[in-house]
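Participant: Just to be clear, the model below is a prediction. Sequence and coordinates:
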Amino acid sequence: MAVTLNHRLYARDVRAARQQELAAKFPDHSIIVLTAEIPGAVRNSRQNNDIGYEALRVLIERFGYRPDWLEVHELPTGFESFLVVPNDGADAKAICCDIEREHPLGRLFKLEVYGHDGKLVERRIKTDGYRPCLICGEDERTCRRINAHTPAELIEAVDRLHDEFFHRAQLN
Ligand SMILES: [Zn+2]
């Protein structure tokens, strides 16, 4: 079954509903909603899951404990995971921003943080929102707006990042 934009929008609505359920259940916690952000329409589920599980692994490592609640969904629309942690929203967001910036695959991680009030935590500094393009290093939003790269180029760049990272992991 081909995954269409409608499927992805539906998955996003279901994620938002699940986040709200968890926020009601864990009022003194923050919630991290993890997805793999792979540019282009093509989703390779194995690659998407590899990237998602690596993000999950490094999140748990950085937080230093098992979340109070953890769930993982491997969906046709992509990997997604919910982590419920006692940290306040700003603290959790700072950790997530560090991971997105520092991890070799960080540009493919999408880590949304909802604070104790259940609201999305914005990035503290605007420049944290700058994501370098996988291909040319410019602001990714600009490249997307002007269609600077073809879908094939983007897929190739993701494949290369993925293969380099997991190949190296195997050698270690
Ligand atoms: Zn670019």
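Facilitator: Looks like it came in fine.
Participant: what's the helix or strand for Pro27?
Facilitator: According to DSSP states H and E, Pro27 maps onto no helix or strand at all.
Participant: Torsion angles phi and psi at it?
Facilitator: Backbone torsions of Pro27, given as degrees, to the nearest 10, read phi -70, psi -20.
Participant: Roughly how far does it sit from Leu5?
Facilitator: 34 Å (CB to CB, to the nearest Å). (Each C-beta comes from the backbone N, C-alpha and C, glycine too.)
Participant: repeat for Ala148
Facilitator: 21 Å.
Participant: When those two are compared, which one has more neighbours?
Facilitator: Using other CB atoms under 10 Å as the criterion, Ala148 and Leu5 rank with Ala148 on top: 15 against 8.
Participant: tell me the contacts of the more buried one?
Facilitator: Cys133, Ile135, Cys136, Glu138, Thr142 (CB atoms under 8 Å, 6 or more residues apart in numbering).
Participant: Show only the entries of those found in helices.
Facilitator: Among the contacts of Ala148, DSSP state H puts Thr142 in helices.
Participant: Greatest separation within the contacts of Ala148: which pair is it?
Facilitator: Ile135 and Thr142 (12.1 Å; CB to CB).
Participant: Comparing these two, which residue is more hemmed in?
Facilitator: Neighbour comparison, Ile135 and Thr142: the larger count goes to Ile135, with 16 against 11 (by other CB under 10 Å).
Participant: On the secondary structure side, give me the element for the residue nearest to the spatial centre of the chain.
Facilitator: Centroid-nearest residue in the chain, with CA atoms, centre = their mean: Lys110, separated by 2.0 Å. Using DSSP H and E, the element containing Lys110 is strand 109-114.
Participant: How about the residues of this structure by the ion?
Facilitator: Residues of the chain found near the ion (CB under 5 Å from the ion) are Cys133, Ile135, Cys136, Glu138, Cys143, Ala148.
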